[in-house]
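Undergrad: Structure, please.
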Amino acid sequence: FNKKFLDIPKEILIITMQYHQKYFPTFDHKGNLTNEFLVVINKKDKKGYIKLGNERVVDARLSDAEFFWKKNKSQNLVKQVSKLKFMNYFKGLGTYFDKVQRMRKLGGMLSDNLMISKDKVELSASVCKVDLVSELVGEFPELQGIMGGYYSKLSGMPEDISTAIFEHYKPKGLSDNLPETKLGSMLSMIDKIDTLTGFFVINKKPSGSKDPFALRRTGFSIAQILINFNLNMTIEDLFFASLKTYKNSSNSIKIDLINFIIDKIKFVLKKKGFSDGIVEAVFSLPNINDLKFQTIYKRIEVLSNIGSSSNFKLFLTNFKRLNNILKTNNSPICLNAKVNVKLFEKSEEQDIYNAAKTLKLKAKQYLTTLEQEIYLKYIIELHFPIYKFFENVIVNHDDIKIRDNRLLLLIHLRELITKYSKFNLIDD
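TA: Residues are numbered from 1 along each chain as shown. Next comes the predicted model:
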């Protein structure tokens, strides 16, 4: 094709050849696009007519693209925002203008947690969908986001905002690249969270094998960014903020959204190599929605790193012994009762009592911080006092008061241990 077309963005050329004409673009040794392309046909072309015909077709397509590019690039990006008011997003979810306004609000709410400029997030969100009104994207829908990045750059916007707009459709699937910048990740996440929340609000969530709006893929994309971003806020806060932009306070929708995204996060974590048992052990905690994602991820990481150590394996064995004894005992015990130290007959009882007191103190210090390995270290060290207790103490004592006191002692200890993880779900 004519070399003059190499002056327009390469993405336009590649999409025209690759997606619209099923041609193969070619690149030089430096990775630059050339004006030559490949066509595969099941026919001989002795006179070169097929070659000539394909060159004419691609020239015509690129002439249209060049025309739209030159026309659209001269238009002021900010002034185009109002045109989004006349572009429907989805029935029940308003226009694309409504969507970007929700994204602005959501971005503003989350920016402080992520230490990103609120002004930059709001400006990026305001203009990130403007390329949808351009004739070029109308002709080549695959270019949405890409052209927005080019248009914003030509409009004189800062480089990081243009890059964020360029990246904000990523990732489009589990195998796609993630946004490389923090602002791009943020913009992508709030776009996808708004989409997911909106469709749940109008009751268009996936069911069974049906997912007409690709919301599972959207969920996986959010999960990938959350993990990559290591978000310093709870998953509940995330959807509380997004529902607020829809003026919706439904607790059932919020729970559905949290459960949906947790399911996707667990899948992505397992795909990254974390064991099923460890992921399930942490996400099975009753307070998982109240934990900051940074803490959750760090806990899974710490458990994975220490999981093969001999001390951890010894702890798991002894904890499961403790857990099984409590599961098989049906004695009616008041869980709010205090352990009576005067009923102790063995030093091992006092050792368990002291260990539980220490662990309770460490829980206040470390359980919700990023120093997850410190709390786990104290848990693992319990393997020896638990082992000694079961070797030297008979839990089912003939005296009911002593028996119940020992059971209560073990229940309190288990409660402190399982605040960290449901260790019974982890394989030895």
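
Undergrad: okay, CA-based contacts and neighbour counts for the rest of this
TA: Will do.

Undergrad: Strands of the stretch 251-400 of the chain, residue ranges please.
TA: Under the criterion DSSP state E, counting those that start in this stretch, the stretch 251-400 of the chain contains no strands.

Undergrad: so where do the helices sit in it?
TA: When secondary structure is read from DSSP state H, counting those that start in this stretch, the stretch 251-400 of the chain shows helices at 251-271, 276-283, 293-306, 310-328, 347-366, 372-380, 383-392, 400-417.

Undergrad: and the longest one, what's its mean pLDDT?
TA: Mean per-residue pLDDT for helix 251-271: 96.

Undergrad: same question, the fifth one
TA: Averaging pLDDT along helix 347-366 yields 95.

Undergrad: cool, the second one as well?
TA: Averaging the model's pLDDT scores along helix 276-283 yields 97.

Undergrad: hmm, who's touching that helix?
TA: By CA atoms under 8 Å, 6 or more residues apart in numbering, the residues outside helix 276-283 that reach it are 266, 269-270, 288, 296, 299-300, 303-304, 420-427.

Undergrad: Which residue of this structure lies farthest from its centroid?
TA: Each residue of the chain has a distance to the centre, and by CA atoms, centre = their mean the biggest one is for residue 47: 55.5 Å.

Undergrad: So it: helix, strand or coil?
TA: The three-state assignment at residue 47 reads coil, by DSSP: H, G, I helix; E, B strand; the rest coil.

Undergrad: Provide the backbone phi and psi angles at it.
TA: The phi and psi values for residue 47, taken as degrees, to the nearest 10, are phi -90, psi 0.

Undergrad: Quick check, pLDDT for it.
TA: According to the model, residue 47 carries a pLDDT of 85.

Undergrad: for the chain, what's the longest strand?
TA: Ranked by residue count under DSSP state E, the longest strand found in the chain is strand 33-38.

Undergrad: Report the buried residues of that strand.
TA: Neighbour-count burial for strand 33-38, counted by 16 or more other CA atoms under 10 Å, picks out 33, 37.

Undergrad: same thing with stretch 216-228?
TA: The neighbour-count criterion (16+ other CA under 10 Å) identifies 216-226 as the buried residues of stretch 216-228.

Undergrad: Was I right to think residue 224 contacts residue 262?
TA: No - applying CA atoms under 8 Å, one finds residue 224 not in contact with residue 262, separated by 11.5 Å.

Undergrad: mind putting the buried residues of stretch 216-228 in a markdown table, distance to residue 163, pLDDT and secondary structure included?
TA: As requested, these are exported to a markdown table (distance: CA to CA, whole Å; pLDDT from 0 to 100; DSSP: H, G, I helix; E, B strand; the rest coil):
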| residue | distance to residue 163 | pLDDT | secondary structure |
| --- | --- | --- | --- |
| 216 | 26 | 97 | helix |
| 217 | 23 | 96 | helix |
| 218 | 21 | 97 | helix |
| 219 | 23 | 96 | helix |
| 220 | 22 | 97 | helix |
| 221 | 18 | 96 | helix |
| 222 | 19 | 95 | helix |
| 223 | 21 | 95 | helix |
| 224 | 19 | 95 | helix |
| 225 | 16 | 94 | helix |
| 226 | 19 | 91 | helix |
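
Undergrad: helices or strands next to the longest strand of the chain in the packing?
TA: For strand 33-38, the packing partners by 3 or more CA pairs under 8 Å, 6 or more residues apart in numbering; DSSP states H and E come out as strand 24-27.

Undergrad: Tell me the strands beside the strand it packs on, with direction?
TA: Here the strand partners of strand 24-27, with direction, are listed using DSSP bridges: strand 33-38 (antiparallel).

Undergrad: got the contact list for whichever helix or strand comes after the strand it pairs with?
TA: Next along the chain after strand 33-38, taking DSSP states H and E as the criterion, comes helix 49-73. Residues from elsewhere that reach helix 49-73, judged by CA under 8 Å, 6+ apart: 1-2, 5, 8, 12-13, 16-17, 21, 45, 134-136, 151, 154.

Undergrad: okay, the angle between helix 49-73 and strand 33-38?
TA: An angle of 150 degrees separates the directions of helix 49-73 and strand 33-38 when computed by axes from the mean of the first three to the mean of the last three CA atoms, to 10 degrees.
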